[in-house]
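Asks: Sequence first, then the predicted structure:
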Amino acid sequence: MQKKSILIHNIGTIVTGDIRDPISSAKTIYIEDGLIAEIGTDKKDADIIINANSLLVTPGLIDSHVHPVFGDFTPVQNSTNWISRYLHGGITRMVSAGELHLPGLPLEKPDPVLFKYLAILSRACYKRYRPSGVKVEAGTLILAPGLKENDFDDLIKADCKNLKFIFFPYDERMDEAKKYREWATKREMIIKIHSGGVSRSGVSRPAGADVIFNIKPDIVGHINGGPIPMSRNDMIKIVESGQFYMEISYCGNFPFAKEVIEKAIGLNLLDKIILGTDTPSGTGVTPRGLLRILAYVASIPKISPEVAICMATGNSAIAHALDTGFIKEGKPADIVIMGKIQGSEGNSHLEALSLGNLLGISVIIIDGEIIVYDRSEQTPPPIKRAFIEEEKR
């Protein structure tokens, strides 16, 4: 069935997701067949016409670090419908950092065969099931000793492109880890590493600068800690190298996050910063976690709020080779309409965000379908709400 066309007009500001050109002056967006067809369109008609009521329009947020299991349940905090709740925090896509919370998974003695098929199964399930419409980039292989090159081929056939170092014995088997890097590069797979100290599991392997420079991952997961960061000196070495995408985590150390951002400003490396929650975890299930870390980053001096939004959208999309994350013609229509909350300081939506305040979400669209309308269940409503002016039946 063909999707309804949507015209969004009376937009206050568009944040594009592109950190090189983060603001668009356009006031209209036309959506057709689930894609952004025209920006700044002169069209006046569509199946659904949304008046944005001068609110802020951004790409759907991308949580670069989540730990799904199966479906919309997490055993970590015995919580149901957690992904659906994250949707109401503006998240339209999330990237698995490993399905490692499955009860009974042998983390103390990682099994490469079991971990491979867990990734393949998870990928297959989430490709067929989107909780409340959220796109879950699942099927991240937890790298364990004993994998063979043909295992990487099996993963590619199953559309699994993400890999994670976390429980790997670097001291004893670094040559094997480097071989995995080689096999991944050959297949254009993406490697993330659990950086810093031991995780909640108690059996992850610490990874500082030496390990990271040896393995050369694409993404340094939670560079500010997940929950414990690497040493400050190691962290600065990683930033100064400019070699990696660096993930700022809601569950990490906020003073270290600020230092990473400040260093990245001086080195012109803000395009290498991505944002994630690292949840569900011991920190909890946090529907507003990404909005919170986004608002914190936006409040750091010399960071414009629109650039902070790009870190949670376009930067993450590029780092993970996703087709979303931008308000751009031809891209999937994954869109959030949000704005300043009553009582919030700031003369504009972006200024309120720059002060570290949450924005209130009114409408969320995924692949051209209106998923959340009028207001989010997880944020206070914006002072003004977007509304449907006309809908053809």
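Replies: Looks like it arrived, so ask away.
Asks: Just the residues contacting the helix or strand harbouring residue 175, thanks.
Replies: In the assignment (DSSP states H and E), residue 175 maps to helix 170-186. Helix 170-186 is contacted from outside by 143, 145, 147, 149, 152, 163, 165, 168, 189-191, 205, 207, 211, 214-217, using Cβ atoms under 8 Å, 6 or more residues apart in numbering. (Each C-beta comes from the backbone N, C-alpha and C, glycine too.)
Asks: all strands of the stretch 1-150 of the chain, in order?
Replies: Using DSSP state E, counting those that start in this stretch, the strands of the stretch 1-150 of the chain run over residues 6-9, 13-15, 23-24, 29-32, 35-39, 48-51, 56-59, 61-66, 73-74, 79-80, 91-96, 135-137, 141-142.
Asks: just how off-centre is the helix holding residue 175 within its chain?
Replies: Its chain's C-alpha centre and that of helix 170-186 lie 26 Å apart, by Cα atoms, centre = their mean, to the nearest Å.
Asks: Let the chain start at 55 from now.
Replies: All right, first residue 55 from here; so that's helix 224-240.
Asks: Any chance you could give me that helix in CSV, C-alpha atoms only?
Replies: Output of helix 224-240 as CSV, limited to C-alpha atoms (Å, rounded to 0.1, in the frame of the first residue of the first chain):
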residue,chain,number,x,y,z
TYR,A,224,43.8,-8.4,24.4
ASP,A,225,47.0,-9.2,26.4
GLU,A,226,47.0,-12.9,25.4
ARG,A,227,45.6,-12.7,21.8
MET,A,228,46.3,-9.3,20.3
ASP,A,229,47.5,-10.8,17.0
GLU,A,230,44.1,-12.5,16.7
ALA,A,231,42.3,-9.2,17.4
LYS,A,232,44.4,-7.5,14.7
LYS,A,233,43.4,-10.3,12.3
TYR,A,234,39.7,-9.6,13.1
ARG,A,235,40.3,-5.9,12.2
GLU,A,236,41.8,-7.0,8.9
TRP,A,237,38.9,-9.3,8.0
ALA,A,238,36.4,-6.6,9.0
THR,A,239,38.0,-3.9,6.9
LYS,A,240,38.0,-6.2,3.9
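Asks: Who are the packing partners of the next helix or strand after that helix?
Replies: Later in the chain than helix 224-240, the nearest helix or strand by DSSP H and E is strand 244-248. Helices and strands touching strand 244-248, as assessed by 3 or more Cβ pairs under 8 Å, 6 or more residues apart in numbering; DSSP states H and E, comprise strand 216-219, helix 224-240, helix 263-269, strand 273-275.
Asks: who touches strand 244-248?
Replies: Counting by Cβ under 8 Å, 6+ apart, 151, 194, 197, 215-220, 234-235, 238, 258-259, 261, 265-266, 269, 271-276, 280, 301, 373-375 sit against strand 244-248.
Asks: Got a PyMOL select line for the buried ones in the residues you listed?
Replies: Buried subset of these, written as a PyMOL selection, criterion 16 or more other Cβ atoms under 10 Å:
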select buried, resi 151+194+197+215+216+217+218+219+220+234+235+238+258+259+261+265+266+269+271+272+273+274+275+276+280+301+373+374
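Asks: Tell me who's in contact with residue 200.
Replies: residue 166.
Asks: Tell me, what's the model's pLDDT at it?
Replies: pLDDT, residue 200: 98.
Asks: Also the one 3 residues further on?
Replies: We note a pLDDT of 98 for residue 203 in this prediction.
Asks: can I get the strands of the stretch 55-204 of the chain in CSV with mean pLDDT, distance to residue 343 and mean neighbour count?
Replies: Converted to CSV, these look like this (pLDDT from 0 to 100; distance: least, Cβ to Cβ, whole Å; neighbours: other Cβ atoms under 10 Å):
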stretch, mean pLDDT, distance to residue 343, mean neighbour count
strand 60-63, 98, 27, 23
strand 67-69, 98, 20, 24
strand 77-78, 98, 25, 16
strand 83-86, 98, 27, 24
strand 89-93, 98, 27, 19
strand 102-105, 98, 27, 21
strand 110-113, 99, 17, 28
strand 115-120, 98, 8, 30
strand 127-128, 97, 13, 19
strand 133-134, 96, 13, 13
strand 145-150, 98, 9, 27
strand 189-191, 98, 16, 24
strand 195-196, 98, 22, 28
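Asks: got the ones you listed as TSV, with distance to residue 408 columns?
Replies: Output for those, formatted as TSV (distance: least, Cβ to Cβ, whole Å):
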stretch	distance to residue 408
strand 60-63	24
strand 67-69	13
strand 77-78	14
strand 83-86	24
strand 89-93	24
strand 102-105	26
strand 110-113	12
strand 115-120	17
strand 127-128	33
strand 133-134	32
strand 145-150	21
strand 189-191	29
strand 195-196	38
